[in-house]
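>>> Quick one: sequence and predicted model below, then my questions.
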Amino acid sequence: MEQAGPRSAHGSAGAGVPDIRTAAVRVPAQPQASDMDRKRGTGSGGAGTGAGAGATARGEHTHSETPIPRPRAEGARAVVQRASVRGQILDALRTALVTGELAPGAVYSAPALGERFGVSATPVREAMQQLALEGAVEVVPNRGFRVIERGTRELAELAEIRALIEVPVMLRLARTVPTARWAELRPLAEATVRAASSGCRATYAESDRAFHRAVLALAGNAQLVQIADELHRRAQWPLVGGPVSRGRADLVADAAEHTALLDALIAEDLTVVQSLVREHFTGAC
């Protein structure tokens, strides 16, 4: 269960919104974005009515923000379906949270992030509102969204809640699930090892949650899986004042616990299973 630490914010030249590095997340441009801008009177011909004008109507001031550069890679400009834009933006923002590119305490406006992703402010705003519902950000009137600042106490509380939910379920499954079913999860456990070896926290975070979801899914309780996954996701957000990041060695050690747990489950060694499960969540603190 990878706990991501915060990274320093990449600030703009002035008092604007902190930048998100181009290499961190790449979302294809929305083909209708320019048309929407022209309808609002913010097309290329209106020098004084750029993204800031459209944002003002929404109550977000962007006149002092330095434009965030768009991705320049060839594949980054591929055409996508409009219905998928919000989902892609949401995934990109979640990745930026895990890696610390969206810095705790920093404020980001939807128009500025929309410029960064090459889309209108609307799908960005919708995605940020979803993150607000999840507790990752909070709305700042007339400015945008602030990334929530979390401390070690909140992380410890999340680890405790996750342990209360997942440990009893895993121990029960260890006594009831056939060995063959556990063996089917081997590819997911190995995927966490590969992700950890890459050193990418965002990639590891996804594979880590995928393994835990698959284990809990054996209980046949969809609500359990959903609640546990949301808690797990929140536990992966960066901390204020914590370590800048977990190194590759930490990720590899965390992933090794997955394979060791699976080995014990397949061997039906309940004593080792209980020890590994409890240590796994203790390490989350």
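In hand now; what should we look at?
>>> any weak-confidence spans in the protein?
Residue ranges of the chain with pLDDT under 70: 1-83, 241-246, 283-285.
>>> got the residue ranges for the helices in it?
33-39, 51-56, 82-99, 110-117, 121-134, 152-176, 179-183, 186-198, 201-217, 222-235, 248-267, 270-282 (DSSP state H).
>>> Can you name every helix or strand that the shortest one contacts?
In this structure, helix 179-183 makes packing contacts with helix 248-267, judged by 3 or more CB pairs under 8 Å, 6 or more residues apart in numbering; DSSP states H and E. Every residue, glycine included, has its C-beta placed from N, CA and C.
>>> for the fifth one, same thing?
If contacts are counted by 3+ CB pairs under 8 Å, 6+ apart, helix 121-134 sits against helix 51-56, helix 82-99, helix 110-117, strand 137-140, strand 144-147, helix 222-235.
>>> Now do that helix against helix 82-99: the angle between them, please.
Relative orientation of helix 121-134 versus helix 82-99 (axes from the mean of the first three to the mean of the last three CA atoms, to 10 degrees): 50 degrees.
>>> Pull out the buried positions in helix 121-134.
Ala121, Thr122, Pro123, Val124, Arg125, Ala127, Met128, Gln130, Leu131, Glu134 (16 or more other CB atoms under 10 Å).
>>> In this model Glu230 seems to touch the last one, though I could be wrong.
Yes - with the criterion set as CB atoms under 8 Å, Glu134 and Glu230 qualify as a contacting pair; they are 7.0 Å apart.
>>> which residues touch the nearest residue to Arg278 once chain neighbours are set aside?
Excluding the flanking residues, the one nearest Arg278 by CB to CB, 6 or more residues apart in numbering is Val167, at 6.3 Å. Taking CB atoms under 8 Å, 6 or more residues apart in numbering, we find Val167 in contact with Val277, Arg278, Phe281.
>>> how much space between Val167 and Val225?
Going from Val167 to Val225 by CB to CB, to the nearest Å gives 15 Å.
>>> again with Leu270
Taking CB to CB, one finds Leu270 at 23 Å from Val225.
>>> Same drill for these two, tell me which one is more crowded.
Neighbour totals were compared for Leu270 and Val225, and Val225 leads with 19 against 13 (other CB atoms under 10 Å).
>>> then stretch 185-195 to CSV, C-alphas only?
The C-alpha coordinates for stretch 185-195 follow below in CSV (Å, rounded to 0.1, in the frame of the first residue of the first chain):
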residue,chain,number,x,y,z
LEU,A,185,-4.2,-13.8,-8.5
ARG,A,186,-0.5,-14.5,-9.2
PRO,A,187,-0.4,-12.2,-12.3
LEU,A,188,-1.8,-9.3,-10.3
ALA,A,189,0.8,-9.8,-7.5
GLU,A,190,3.6,-10.0,-10.1
ALA,A,191,2.3,-6.8,-11.7
THR,A,192,2.8,-4.9,-8.4
VAL,A,193,6.4,-6.1,-8.4
ARG,A,194,7.0,-4.9,-11.9
ALA,A,195,5.3,-1.6,-11.1
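>>> What lies in contact with stretch 145-154?
So stretch 145-154 is contacted by 97, 102-110, 128, 131-132, 135-140, 237-242, 285 (CB under 8 Å, 6+ apart).
>>> Export that stretch to PDB, keeping only CA atoms.
Taking only C-alpha atoms (Å, rounded to 0.1, in the frame of the first residue of the first chain), the coordinates of stretch 145-154 have been written out as PDB:
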ATOM      1  CA  PHE A 145      -9.700  24.300  -5.900                       C
ATOM      2  CA  ARG A 146      -7.200  23.800  -3.100                       C
ATOM      3  CA  VAL A 147      -5.500  20.400  -2.600                       C
ATOM      4  CA  ILE A 148      -6.200  19.100   0.900                       C
ATOM      5  CA  GLU A 149      -3.300  19.200   3.300                       C
ATOM      6  CA  ARG A 150      -3.000  15.900   5.300                       C
ATOM      7  CA  GLY A 151      -0.800  14.900   8.100                       C
ATOM      8  CA  THR A 152       0.500  11.700   9.500                       C
ATOM      9  CA  ARG A 153      -2.400  11.400  12.000                       C
ATOM     10  CA  GLU A 154      -4.900  11.200   9.100                       C
END
